[in-house]
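> model the following, please.
(one chain, ligands or ions: 1)
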Amino acid sequence: MNTSDRSTSSAWHERAGKVVPGGVSSPVRAFRAVGGDPVYFTSGEGAWVTDVDGNRYVDLVGSWGPMILGHAHPTVTSAVTDVVRHSSSFGAPTAAETLLAEEILRRVPVAERVRFVSSGTEATMTAIRLARAATGRDLIVKFVGCYHGHSDALLVQAGSGVMTLGLPNSPGVTAGAAGDTITVPYGDRAAVEAVFEQYPDRIAAVFTEAAPANMGVVPPPEGFNVFLREITAKFGSLFVFDEVMTGFRVGPGGWWMRYESGPAPDLFAYGKVIGGGYPLAAVAGSAAVMDQLAPLGPVYQAGTLSGNPVAATAGLTTLQQLDDAAYAHIDATAAEVLRIASDALTAAGVPHSPQRAGSLVSIYFTENPVRNMADASAQDEAAFGRFFHGMLDRGVSLPPSAYEAWFVSTAHDDEALSAIAAAAPDAAREAAAD
Ligand SMILES: *Cc1c(COP(=O)(O)O)cnc(C)c1O
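Model (predicted):
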């Protein structure tokens, strides 16, 4: 094995563990699921990242989605630098927010208003509050394995982060908060119908990921999203479409605009790509629902750094680079990464299921296609861990969990694909060896 020296990363991790719980600011970064110490990165350029020990890797994490143009994209870097020179925040409106909101609505014409926040968690939290206010109802329906951020009501059976740590639900979420959330297996129409039969006039909203990608990637069954739109409309509930992962990644207007049709969801949640690598997220939707927000309406929502000019400029500049050619490149590159890894695992005799939803891809280490969290949990996480370390030692950085999507960028070129192709066969053989 071609083990790279990562002793400086390990030293930093040990030092961090003394002052930060688990040494990390977000749990899945801690490598608990795959073993070993996390890698400390110092720089990135395009598809490549460099760690504190000087090792270079092809990056398939992309900060979990935002880095869709690759690292340190020159146009984004220069736009942000220009803004920062004139202050990073005023706590007052700036033109950058309006320009970004206009660009989002141009891409998603089925929405009419956008409110900016700083994280996907805040976006979905705001969507809950709006849905409850608009309907006068309490209950939220979500799918097992779908992640919508870490707010109390949505941190129930919530996929990757919690799964990776073997925590189906988090302590500290009150019985009241969890009790207002009903979970159903993903893709199960009969289960959704049963919930509406049981609580016909108590459900404020159904939340779904446009395509689940926080339990690994699960393509939505044909017609499932439209079914959710129809049944929520029928019972007077809101339909909240979480595009924090898919938004502006799987196509110019995200998943709904590219893959669905008919009456639109009431609310969309965005994050990741729309911040261009800076903390920015948004909730968007119809004027009727969105104008319930203060100061027009009674629903309170606020944020000191919400829509700050640095993040808004990074997001807008990022979106401006994402034309049809960029999406075609990302689609083709994601498919190619999946093919390379899957071919290597097949050659090594490792049972696996390559999965793809638009340009989101991941591999489950189980033979059968995965349709929901129960299927996903059947995978051989230890085999994934060996594959992960095999790739890392050969210069390819995958997400450190078997329940995460792999991310490519417009900067992943033939050189990056060749590096992945060079690493995969040996990593696959290590995954096979128990
Ligand atoms: C990442 C993610 C969130 C949470 O966003 P944060 O910015 O991490 O709070 C919510 N929903 C989905 C689908 C996500 O992938």
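
> could you see whether the ligand lies near stretch 205-220?
Yes - for stretch 205-220, a contact with the ligand is found by Cβ under 6 Å from any ligand atom, at 209, 214. Placement of C-beta: from N, CA and C, glycine included.

> how about that stretch as CSV, C-alpha atoms only?
What follows is stretch 205-220 as a C-alpha-only set of coordinates in CSV (Å, rounded to 0.1, in the frame of the first residue of the first chain):
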residue,chain,number,x,y,z
ALA,A,205,-46.2,20.2,5.3
VAL,A,206,-44.5,17.3,3.7
PHE,A,207,-40.7,17.7,3.4
THR,A,208,-38.7,15.8,0.9
GLU,A,209,-35.2,16.0,-0.6
ALA,A,210,-35.6,16.5,-4.4
ALA,A,211,-33.5,13.4,-4.8
PRO,A,212,-32.3,11.9,-1.5
ALA,A,213,-28.6,12.2,-1.3
ASN,A,214,-27.9,12.1,2.5
MET,A,215,-28.4,8.4,2.8
GLY,A,216,-26.3,7.8,-0.2
VAL,A,217,-28.0,8.7,-3.5
VAL,A,218,-31.5,7.3,-4.1
PRO,A,219,-33.2,8.3,-7.4
PRO,A,220,-36.8,9.3,-6.7
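
> just use 54 as the starting number from now, easier for me
Taking 54 as the first residue, the last one we looked at is stretch 258-273.

> centre of the chain to it, how far?
Relative to its chain's centre, stretch 258-273 lies at 10 Å (Cα atoms, centre = their mean, to the nearest Å).

> need the residues of this protein near the ligand, please.
Residues of the chain lying close to the ligand (Cβ under 6 Å from any ligand atom) are 172-174, 177, 200-202, 262, 267, 295, 297-298, 324, 334.

> what about 8 Å?
Neighbours of the ligand within the chain, by Cβ under 8 Å from any ligand atom: 79, 117-118, 171-177, 199-203, 262-263, 266-267, 295-299, 322, 324-325, 332, 334.

> just the ones of those in strands?
Judged by DSSP state E, the residues of the chain next to the ligand include 262, 295, 322, 334 as members of strands.

> from Ala365, how far off is the second one?
This means Asp295. Distance of Asp295 to Ala365, given as Cβ to Cβ, to the nearest Å: 21 Å.

> do the same with the last one
Counting by Cβ to Cβ, the gap from Ala334 to Ala365 is 11 Å.

> any common contacting residues for those two?
Common contacts of Ala334 and Ala365, defined by Cβ atoms under 8 Å, 6 or more residues apart in numbering, comprise Phe169.

> stretch 111-125: end-to-end distance?
Between the opening and closing residues of stretch 111-125 there is a gap of 14 Å (Cα to Cα, to the nearest Å).

> same question but for stretch 119-138, I mixed them up
Per Cα to Cα, the first residue of stretch 119-138 is 23 Å away from its last.

> walk me through the domains of the protein.
Domain ranges of the chain: 60-113+376-485, 127-374, per automatic domain parsing.

> make JSON lines out of these and add mean pLDDT.
Shown next, in JSON lines, are the domains of the chain (pLDDT from 0 to 100):
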{"stretch": "domain 60-113+376-485", "mean pLDDT": "97"}
{"stretch": "domain 127-374", "mean pLDDT": "94"}
